[in-house]
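>>> Show me how the following folds:
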Amino acid sequence: MTIYREMIDLTQSLKGWEMSPPHGLSEIDEQQRVTCCVSLRSRELQALFLHRIITDSDEKW
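The predicted model follows:
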């Protein structure tokens, strides 16, 4: 119960410190976000491809 009270006190003391992200993105920020998403997606697809190669070749004869 003490941890619960400490968490409540902490959340009460942090009110007013909330920061919200901007509602609109600039053109540069939007392009950066798209570039990052495409890069992460291509890495994920490549990792899945390599994982299939590694796991499929581990057959016992």
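>>> where in this structure is pLDDT low?
1, 16-22, 50-61 (pLDDT under 70).
>>> what's the longest helix in it?
The single longest helix within the chain, with elements called by DSSP state H, is helix 27-56.
>>> Now do the buried residues in it.
Buried residues in helix 27-56, counting neighbours by 16 or more other Cβ atoms under 10 Å, are absent. Glycine gets a C-beta too; all of them are placed from N, C-alpha and C.
>>> The chain should start at 23 in everything you say after this.
Taking 23 as the first residue, the last one we looked at is helix 49-78.
>>> Run through the neighbouring helices and strands of it.
Contact partners of helix 49-78 among helices and strands, from 3 or more Cβ pairs under 8 Å, 6 or more residues apart in numbering; DSSP states H and E: none.
>>> Next up, the contacts around residue 55.
Residues near residue 55 by Cβ atoms under 8 Å, 6 or more residues apart in numbering: residue 47.
>>> Residue 61 versus that one, what's the distance?
Using Cβ to Cβ, to the nearest Å, we find residue 55 at a distance of 11 Å from residue 61.
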